[in-house]
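Novice: Make a model of this:
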Amino acid sequence: MHTIARNKKARHLYELEDTFEAGIVLKGTEIKSVRAGKVSIQDSYVRIKANEAYIINMHIAKYRQGNVFNHEETRERKLLLHKQEIIRLKSKTERESYTIVPLQVHIKEGFCKVEIALAKGKKKYDKRRALKEKDIKRRMEKALKERY
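Specialist: So this is what the prediction gives:
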(Lines give C-alpha, C1' and ligand atoms only; values in the text may rest on other atoms or scores of the structure.)
Protein backbone atom coordinates (compact mmCIF):
# COMPACT_ATOMS: atom_id res chain seq x y z
CA MET A 1 0.00 0.00 0.00
CA HIS A 2 1.47 3.34 -1.09
CA THR A 3 -0.06 6.46 0.51
CA ILE A 4 -0.50 9.37 -1.90
CA ALA A 5 -2.31 12.04 0.16
CA ARG A 6 -3.46 12.47 3.77
CA ASN A 7 -6.04 14.74 5.35
CA LYS A 8 -4.23 15.74 8.55
CA LYS A 9 -6.87 18.25 9.60
CA ALA A 10 -9.61 15.62 9.74
CA ARG A 11 -8.37 14.10 12.99
CA HIS A 12 -8.21 17.55 14.57
CA LEU A 13 -11.58 18.82 13.36
CA TYR A 14 -13.64 15.63 13.78
CA GLU A 15 -14.15 12.72 16.12
CA LEU A 16 -13.83 9.70 13.86
CA GLU A 17 -16.19 6.76 14.36
CA ASP A 18 -15.92 4.12 11.62
CA THR A 19 -13.54 3.94 8.70
CA PHE A 20 -14.17 2.40 5.30
CA GLU A 21 -11.98 1.75 2.29
CA ALA A 22 -13.61 2.67 -1.00
CA GLY A 23 -12.52 2.37 -4.58
CA ILE A 24 -12.79 5.46 -6.76
CA VAL A 25 -13.86 5.78 -10.39
CA LEU A 26 -11.17 7.69 -12.30
CA LYS A 27 -10.70 8.68 -15.92
CA GLY A 28 -7.56 7.96 -17.97
CA THR A 29 -5.30 10.86 -17.07
CA GLU A 30 -6.53 11.07 -13.47
CA ILE A 31 -4.86 7.84 -12.38
CA LYS A 32 -1.58 9.03 -13.89
CA SER A 33 -1.78 12.24 -11.84
CA VAL A 34 -2.66 10.26 -8.71
CA ARG A 35 0.36 8.01 -9.17
CA ALA A 36 2.49 11.15 -9.59
CA GLY A 37 1.17 12.39 -6.21
CA LYS A 38 -0.78 15.39 -7.54
CA VAL A 39 -3.79 14.94 -5.23
CA SER A 40 -5.31 17.10 -2.49
CA ILE A 41 -8.19 16.08 -0.22
CA GLN A 42 -7.99 18.92 2.30
CA ASP A 43 -11.43 20.46 1.69
CA SER A 44 -13.18 17.41 0.29
CA TYR A 45 -16.12 15.50 1.68
CA VAL A 46 -18.43 12.63 0.69
CA ARG A 47 -22.07 13.06 -0.23
CA ILE A 48 -24.59 10.28 -0.91
CA LYS A 49 -26.94 10.85 -3.86
CA ALA A 50 -29.44 8.25 -5.13
CA ASN A 51 -27.78 5.43 -3.14
CA GLU A 52 -24.36 6.19 -4.62
CA ALA A 53 -21.44 7.82 -2.82
CA TYR A 54 -19.54 10.71 -4.44
CA ILE A 55 -16.43 12.52 -3.27
CA ILE A 56 -16.69 16.26 -3.77
CA ASN A 57 -13.87 18.87 -3.99
CA MET A 58 -11.13 16.29 -4.36
CA HIS A 59 -8.46 18.03 -6.42
CA ILE A 60 -6.45 15.97 -8.89
CA ALA A 61 -4.09 18.16 -10.92
CA LYS A 62 -4.08 17.93 -14.69
CA TYR A 63 -1.63 15.45 -16.15
CA ARG A 64 1.31 17.26 -17.76
CA GLN A 65 1.53 15.01 -20.81
CA GLY A 66 -2.25 14.95 -21.22
CA ASN A 67 -3.69 16.83 -24.15
CA VAL A 68 -7.33 17.41 -25.09
CA PHE A 69 -8.22 14.26 -23.13
CA ASN A 70 -7.20 15.83 -19.81
CA HIS A 71 -9.73 15.79 -16.98
CA GLU A 72 -11.53 18.44 -14.94
CA GLU A 73 -9.60 18.97 -11.70
CA THR A 74 -12.36 19.09 -9.06
CA ARG A 75 -15.22 17.09 -10.53
CA GLU A 76 -17.42 14.78 -8.48
CA ARG A 77 -15.99 11.27 -8.47
CA LYS A 78 -18.00 8.16 -7.69
CA LEU A 79 -16.88 5.95 -4.81
CA LEU A 80 -17.24 2.18 -4.97
CA LEU A 81 -18.78 0.80 -1.78
CA HIS A 82 -21.02 -2.13 -0.92
CA LYS A 83 -24.74 -1.40 -0.85
CA GLN A 84 -25.01 -2.12 2.89
CA GLU A 85 -22.16 0.30 3.64
CA ILE A 86 -23.84 3.04 1.62
CA ILE A 87 -27.17 2.48 3.40
CA ARG A 88 -25.42 2.59 6.79
CA LEU A 89 -23.55 5.80 5.91
CA LYS A 90 -26.71 7.42 4.55
CA SER A 91 -28.76 6.66 7.66
CA LYS A 92 -26.03 7.97 10.00
CA THR A 93 -25.60 11.22 8.06
CA GLU A 94 -29.35 11.89 7.81
CA ARG A 95 -30.44 10.99 11.35
CA GLU A 96 -27.48 11.57 13.62
CA SER A 97 -25.79 14.56 11.95
CA TYR A 98 -22.59 12.80 11.03
CA THR A 99 -20.44 13.74 8.08
CA ILE A 100 -18.23 11.60 5.86
CA VAL A 101 -14.66 12.81 5.39
CA PRO A 102 -11.79 11.31 3.40
CA LEU A 103 -8.69 10.49 5.46
CA GLN A 104 -6.21 9.34 2.85
CA VAL A 105 -5.75 8.32 -0.76
CA HIS A 106 -3.54 5.33 -1.47
CA ILE A 107 -2.68 2.80 -4.16
CA LYS A 108 -3.42 -0.81 -3.24
CA GLU A 109 -2.64 -3.64 -5.66
CA GLY A 110 -2.61 -1.18 -8.56
CA PHE A 111 -5.98 0.39 -7.75
CA CYS A 112 -6.62 3.83 -6.27
CA LYS A 113 -8.45 3.63 -2.94
CA VAL A 114 -9.83 6.29 -0.59
CA GLU A 115 -10.10 5.75 3.14
CA ILE A 116 -13.21 7.53 4.40
CA ALA A 117 -14.51 7.94 7.92
CA LEU A 118 -17.84 8.59 9.54
CA ALA A 119 -17.14 11.64 11.69
CA LYS A 120 -18.81 14.07 14.06
CA GLY A 121 -17.56 17.65 14.29
CA LYS A 122 -15.67 18.68 17.43
CA LYS A 123 -16.54 21.79 19.39
CA LYS A 124 -13.90 24.44 19.97
CA TYR A 125 -13.32 23.35 23.57
CA ASP A 126 -12.83 19.73 22.46
CA LYS A 127 -10.13 20.84 20.02
CA ARG A 128 -8.36 22.84 22.75
CA ARG A 129 -8.53 19.89 25.15
CA ALA A 130 -7.06 17.55 22.52
CA LEU A 131 -4.18 19.96 21.85
CA LYS A 132 -3.54 20.30 25.59
CA GLU A 133 -3.43 16.52 26.06
CA LYS A 134 -1.11 16.16 23.09
CA ASP A 135 1.22 18.84 24.52
CA ILE A 136 1.26 17.19 27.97
CA LYS A 137 2.06 13.80 26.41
CA ARG A 138 4.90 15.32 24.36
CA ARG A 139 6.39 17.01 27.44
CA MET A 140 6.23 13.79 29.46
CA GLU A 141 8.02 11.84 26.73
CA LYS A 142 10.68 14.54 26.49
CA ALA A 143 11.20 14.51 30.28
CA LEU A 144 11.54 10.72 30.29
CA LYS A 145 14.05 10.86 27.45
CA GLU A 146 16.18 13.44 29.29
CA ARG A 147 16.03 11.43 32.50
CA TYR A 148 17.30 8.19 30.96
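Novice: can you give me the helices in this structure?
Specialist: Ranges of helices within the chain are 8-13, 28-35, 83-95, 124-147, based on DSSP state H.
Novice: most packed of the ones you listed?
Specialist: Each of the helices of the chain was scored by mean neighbour count; the highest is helix 28-35, a mean of 19, by mean count of other C-beta atoms under 10 Å. Using the backbone N, CA and C atoms, a C-beta is placed for each residue, glycine as well.
Novice: Give the other helices and strands that that helix contacts.
Specialist: strand 59-60, strand 99-108 (3 or more C-beta pairs under 8 Å, 6 or more residues apart in numbering; DSSP states H and E).
Novice: quick one on the thing from earlier: adding mean pLDDT and distance to Lys49, write the helices of the chain out as a markdown table.
Specialist: Shown next, in a markdown table, are the helices of the chain (pLDDT from 0 to 100; distance: least, C-beta to C-beta, whole Å):
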| stretch | mean pLDDT | distance to Lys49 |
| --- | --- | --- |
| helix 8-13 | 88 | 22 |
| helix 28-35 | 88 | 20 |
| helix 83-95 | 92 | 10 |
| helix 124-147 | 91 | 30 |
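Novice: Of all those helices, which one is nearest Ser44?
Specialist: Nearest to Ser44, of all those, is helix 8-13, at 9.9 Å by C-beta to C-beta.
Novice: now for the closest one, which elements pack on it?
Specialist: Helix 8-13 sits against strand 99-108, strand 111-121, helix 124-147, with contacts defined as 3+ C-beta pairs under 8 Å, 6+ apart.
Novice: And the shortest one, what does it pack against?
Specialist: Yep, that's strand 99-108 we're talking about. strand 2-6, helix 8-13, strand 14-24, helix 28-35, strand 45-49, helix 83-95, strand 111-121.
Novice: Dump those into TSV; add distance to Met58 as well.
Specialist: Formatted as TSV, the helices and strands packed on strand 99-108 follow (distance: least, C-beta to C-beta, whole Å):
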stretch	distance to Met58
strand 2-6	9
helix 8-13	13
strand 14-24	8
helix 28-35	10
strand 45-49	9
helix 83-95	17
strand 111-121	8
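Novice: tell me the contacts of the most centrally placed residue in the chain?
Specialist: For the chain, the residue nearest the mean C-alpha position is Pro102 (1.7 Å; C-alpha atoms, centre = their mean). Taking C-beta atoms under 8 Å, 6 or more residues apart in numbering as the criterion, Pro102 is in contact with 7, 10, 41, 44-46, 55, 58, 114-117.
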